[in-house]
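Participant: Give me a model of this one.
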Amino acid sequence: MSYQNISAQLTETDLQDIQAALETIETKLPFLVHLTVEERRKLFKMGNKSLAFVSNSLTAAQANPDILPASFDLDEFRSDYHLATTLTEVHFRLQQLTEKVDDTLMAVSSEAMNSSLTVYDYVKTAAKKTPGLKAIADQLGDRFKASRSKAAKEVSVS
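Facilitator: Next up is the predicted model:
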């Protein structure tokens, strides 16, 4: 579906349901880990080519268990492979959902910002003739002061 103006709401009940669903996901994945940057750097990354390699290695190991040392845990290898393929499916679905949430957040935030800019323009115009609006216009204008100051400094440095 192509993007159009978003007009939706999440009720408190909806939000609670979503948070409960996320908690359920976390509960179903109690083995998840958090790796440090250094740990991530040191680990093998398994892409599509590596997935085929691991699958073929597992097939070879299962067909020829006698060539493996007694210390090699074939059941653990099989379990790791199956968990990796299953988590790949979960990861794919979560990535799709995250991308949709990111895009929707960006779109609705832009809509809110556009509306805010319209209100700001009206407040600035009305503040010239309506008592009490000058302070509100100044407060709304604070959003742009830092970026104007930064832009002015960059121009003067150039």
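Participant: now the closest residue to Y3 other than its chain neighbours: how far from S2?
Facilitator: Closest residue to Y3 apart from its sequence neighbours, by C-beta to C-beta, 6 or more residues apart in numbering: A107 at 5.7 Å. In short, each C-beta sits where N, CA and C put it, glycine included. Relative to S2, A107 is positioned 11 Å away (C-beta to C-beta, to the nearest Å).
Participant: These two: who's more crowded?
Facilitator: A count of neighbours by other C-beta atoms under 10 Å puts A107 above the other of A107 and S2, at 14 against 3.
Participant: What helices and strands are in contact with the helix or strand hosting L97?
Facilitator: For L97, the host element (DSSP states H and E) is helix 74-127. If you count contacts as 3 or more C-beta pairs under 8 Å, 6 or more residues apart in numbering; DSSP states H and E, helix 74-127 packs onto helix 48-63, helix 133-157.
Participant: What are the buried residues along the first one?
Facilitator: Taking 16 or more other C-beta atoms under 10 Å as the basis for neighbour counts, the residues of helix 48-63 that come out buried are V54, L58, A61.
Participant: ok, now how distant is A20 from V90?
Facilitator: Distance from A20 to V90, counting by C-beta to C-beta: 18 Å.
Participant: Burial check on A126, number of neighbours?
Facilitator: Neighbours of A126 using other C-beta under 10 Å come to 14.
Participant: got a list of what it touches?
Facilitator: With contact set as C-beta atoms under 8 Å, 6 or more residues apart in numbering, A126 has these partners: L133.
Participant: so which of the helices and strands packed on helix 74-127 gets nearest H34?
Facilitator: Closest of the helices and strands packed on helix 74-127 to H34 is helix 48-63, at 22.4 Å (criterion: C-beta to C-beta).
Participant: what angle do that closest one and helix 74-127 make?
Facilitator: Relative orientation of helix 48-63 and helix 74-127, computed by axes from the mean of the first three to the mean of the last three C-alpha atoms, to 10 degrees: 160 degrees.
Participant: Does anything pack onto helix 48-63? Which helices or strands?
Facilitator: Against helix 48-63 (3+ C-beta pairs under 8 Å, 6+ apart) you get helix 74-127.
Participant: Pull out the buried residues from stretch 108-121.
Facilitator: For stretch 108-121, burial by neighbour count (16+ other C-beta under 10 Å) applies to Y120.
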